[in-house]
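>>> Got a sequence here, can you model it:
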Amino acid sequence: MLKYSIIIPVYNAEATLNKCVDSVLKQQFADFEVILVDDGSKDKSLQICEEYARKDNRVTVIHKENGGVSSARNRGLEIAKGNWVTFVDSDDYINDSYLVFPEDKDIIFASYRNVVDGKESEGLSSACFTGCRLSDVVAEYGSNSILRTPWAKFYKRDLIGNIRFPEDMKVGEDSCFVWQYLSRCQTYAVLPQSTYYVRLSAMTSEQKYGMKVDYAVQSLTRLKAAFEPMAAHLGVRRSLFFSFVGYFKLVSSDEWKRNRALWYGNHCIKDFYRYVWPDLSVKQKVRLAIAFLLRK
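Prediction:
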């Protein structure tokens, strides 16, 4: 059986797709399949995908109507055959030793570096949490990209089971998937020599993910449903969820700043704060109380 299935969702990625796929096919470890899922691209992405499939029998191409990155990843999961699954975004790339013979753990973390305007910068080395308990890793890095996104990690296909990316979410769906998977994990390993390179956008979160308050509430409700079992399983404090409430407050601020009652008077949002309140530090509680008092 194949060791790895590498799932790459593709949408209008003709400018970056070659570098991405080339970096995968240059791996020193050869026992893998590549699943390119074209999500209804309008540029030449599909042609590029099909050319790779003609040249390399490890490459499989799926073409589907546009449904979003979650639906593309889910389609890849449906046909994946490897013992392990990893995700690579079509505008990112990996080093040639990213794939190695996997350890028999429930989840494996790789290091990652950020790429801004073609220049590599600091990201996170998985070596920094070697020897920690998995619960400590989640508690310390739960709001970091390493635990908010599906990339730079390796998942056991059998352990994924029926877990899928929620296709009706545009923000937070990655965390839902990762948290649901972590709720099934006991052990982990790190591969500090395996490096994932993630291209960062110059757009702010408000520009890229701006949303209405109602949508933020719906997303936070879905996230909380995924967070609670994971937190209970690993013994993670609820205060970690506080940072996610703050994030959705930020990306919905364009609407609620015109009518602050939309945020501060929303019963669901108050319930989110009540949920995290017992685990907040005194400093966090003071800041939250002031925010509600001043409504900002």
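>>> contacts, neighbours, all on C-alpha from now
Fine.
>>> and D136, how many residues sit next to it?
Neighbourhood size, D136 [other Cα atoms under 10 Å]: 15.
>>> residues contacting it?
With contact taken as Cα atoms under 8 Å, 6 or more residues apart in numbering, D136 is in contact with V236.
>>> what does K19 give?
Contacts of K19 (Cα under 8 Å, 6+ apart): Y93.
>>> and it, what element?
Element membership for K19, per DSSP states H and E: helix 17-25.
>>> Could you do Q28 as well?
According to DSSP H and E, Q28 maps onto no helix or strand at all.
>>> count of neighbours near it?
Neighbour tally, Q28, other Cα under 10 Å: 13.
>>> residue contacts, it?
Neighbours of Q28 in contact, by Cα under 8 Å, 6+ apart: D96, S97, L99, V100.
>>> Quickly name whichever of those is closest to G82.
Closest approach between the contacts of Q28 and G82, by Cα to Cα: L99, at 12.7 Å.
>>> just checking, next helix/strand downstream of the helix holding K19?
That would be, after helix 17-25 and using DSSP H and E, strand 32-39.
>>> That next one pairs with which strands?
Using DSSP bridges, strand 32-39 pairs in its sheet with strand 4-10 (parallel), strand 59-64 (parallel).
>>> Identify, out of those strands, the most deeply packed stretch.
Highest mean neighbour count of the strands paired with strand 32-39: strand 4-10, a mean of 26 (counted as mean count of other Cα atoms under 10 Å).
>>> Quick one: residues in contact with that strand.
Under Cα under 8 Å, 6+ apart, the answer for strand 4-10 is 17, 31-39, 41, 45, 69, 72-73, 76-77, 80-90.
>>> Run the angle between the helix holding K19 and strand 32-39 for me.
Helix 17-25 and strand 32-39 are oriented at 160 degrees to each other (axes from the mean of the first three to the mean of the last three Cα atoms, to 10 degrees).
>>> Okay, buried residues for helix 17-25 please.
Under the neighbour-count criterion of 16 or more other Cα atoms under 10 Å, helix 17-25 has L17, N18, C20, V21, S23, V24, L25 buried.
>>> Repeat that for stretch 254-262.
Neighbour counts using 16+ other Cα under 10 Å place D254, W256, L262 of stretch 254-262 among the buried residues.
>>> Next: stretch 240-259.
240-242, 244-245, 247-254, 256.
>>> And those, which is closest to G161?
Distances from G161 to these, taken by Cα to Cα, are shortest for F241, at 25.1 Å.
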